[in-house]
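Chemist: All I have is the shape, not the residue letters:
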């Protein structure tokens, strides 16, 4: 019986030694589209080299999209594999657009306002309490309808809503999204009373999650480079911008290789440890040997 178990053990060991490459190939497959992230950084490098008038804004936008990819967004948009997304309802919204409304609604006039946001889970239409200073009351704005387009995991969806109501000053219309969108656009059709022409301001705002990155992310080096660049993008010199972008690109291209090597080493070590534990059971009681046989069978099945 013992001899037969040891023969089974040796056969399983031989199979196990051939399987780590297959197992590692599975565990090393990252749910992060590194090719898309690298393509984004390459576009940023080209933009920083050509330096069109709005190149800083273009790079800032592409950094947001690239960070979203590198954090490993989960399919339902609820968060990331390698970052904690905190939905803080007290977080200050980001103002995307603030404009005066001059169209008289009752005279069949209307204005269209639109704005885009990235890494956002809620959009808002807001009428400030004051136009400017502390004593100039803001006028009310009539919003006929709004349209929201957003993308989660590459799938674009649209929300159309006939609002047909006034937004009084210091009031907000909240438009929650079903997850964290890598990109969103809001468009509204609005107007005001004749007496409020030039005296009403409407704002389009976005609420973004607070994101805490996981240092265990294989792409953490590139994420740090991009975050540091984004922090200084408004005044960073072009040479420094290109240097950080090239570092981020190198990190993206290197990370999958390092992750694969780490994954295979981890898999090999786990298999060896499991086989050593099974081997020790074979020298024990009849019950231990039966347990060893069962665990050996389970190990083989798990690696198929």
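Modeler: Sure, I can see it. Model, not experiment: these values are computed from the prediction.
Chemist: what about the strands in the stretch 151-300 of the chain?
Modeler: With DSSP state E, counting those that start in this stretch, the ranges of strands along the stretch 151-300 of the chain come out as 155-161, 165-167, 171-181, 183-191, 201-207, 210-213.
Chemist: For residue 63, give me the backbone phi and psi.
Modeler: With angles defined as degrees, to the nearest 10, residue 63 sits at phi -60, psi -40.
Chemist: on that earlier part again, tell me which of the strands of the stretch 151-300 of the chain sits nearest to residue 290.
Modeler: strand 210-213 (47.5 Å; C-beta to C-beta). C-beta coordinates here come from the backbone N, C-alpha and C atoms, glycine included.
Chemist: Give me the helices and strands touching that closest one, please.
Modeler: Applying 3 or more C-beta pairs under 8 Å, 6 or more residues apart in numbering; DSSP states H and E, one finds that strand 210-213 contacts strand 83-86, helix 220-232.
Chemist: The helix or strand containing residue 64 versus strand 183-191: what angle between them?
Modeler: Using DSSP states H and E, residue 64 falls within helix 55-70. Counting by axes from the mean of the first three to the mean of the last three C-alpha atoms, to 10 degrees, helix 55-70 lies at 120 degrees to strand 183-191.
Chemist: so which of the helices and strands packed on strand 210-213 comes closest to residue 103?
Modeler: Ranking the helices and strands packed on strand 210-213 by proximity to residue 103 (C-beta to C-beta) places helix 220-232 first, at 36.3 Å.
Chemist: the inter-axis angle of that closest one versus helix 55-70?
Modeler: 150 degrees.
Chemist: Name the residues that touch helix 220-232?
Modeler: 37, 41, 59-60, 63-64, 66-67, 70-71, 82, 213-214, 217, 236, 240-241, 244-245, 247-249, 251-252, 255 (C-beta atoms under 8 Å, 6 or more residues apart in numbering).
Chemist: Any of the residues you listed buried? List them.
Modeler: 37, 41, 59-60, 63-64, 66-67, 70-71, 82, 213, 217, 236, 241, 244-245, 247-249, 251-252, 255 (16 or more other C-beta atoms under 10 Å).
Chemist: May I see the helices and strands packed on strand 210-213 organised as TSV, with mean pLDDT, distance to residue 123 and mean neighbour count added?
Modeler: As requested, the helices and strands packed on strand 210-213 are exported to TSV (pLDDT from 0 to 100; distance: least, C-beta to C-beta, whole Å; neighbours: other C-beta atoms under 10 Å):
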stretch	mean pLDDT	distance to residue 123	mean neighbour count
strand 83-86	94	17	16
helix 220-232	95	22	19
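Chemist: Out of the ones you listed, the one nearest residue 167 is which?
Modeler: So among those, strand 83-86 is nearest, using C-beta to C-beta, at 28.4 Å.
Chemist: Format the strands of the stretch 151-300 of the chain as CSV; extra columns: distance to residue 148 and mean pLDDT.
Modeler: Shown next, in CSV, are these (distance: least, C-beta to C-beta, whole Å; pLDDT from 0 to 100):
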stretch, distance to residue 148, mean pLDDT
strand 155-161, 4, 94
strand 165-167, 16, 96
strand 171-181, 6, 95
strand 183-191, 5, 97
strand 201-207, 10, 97
strand 210-213, 22, 95
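Chemist: want to throw these into JSON lines with distance to residue 101?
Modeler: Formatted as JSON lines, these follow (distance: least, C-beta to C-beta, whole Å):
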{"stretch": "strand 155-161", "distance to residue 101": "19"}
{"stretch": "strand 165-167", "distance to residue 101": "10"}
{"stretch": "strand 171-181", "distance to residue 101": "14"}
{"stretch": "strand 183-191", "distance to residue 101": "6"}
{"stretch": "strand 201-207", "distance to residue 101": "5"}
{"stretch": "strand 210-213", "distance to residue 101": "32"}
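Chemist: Select, out of the ones you listed, the one closest to residue 146.
Modeler: strand 183-191 (4.5 Å).
Chemist: Contacts only, for the closest residue to residue 33 other than its chain neighbours.
Modeler: Leaving aside its sequence neighbours, residue 33 sits nearest to residue 69 (C-beta to C-beta, 6 or more residues apart in numbering; 5.6 Å). Contact partners of residue 69, counting by C-beta under 8 Å, 6+ apart, are 32-33, 36-37, 40, 182.
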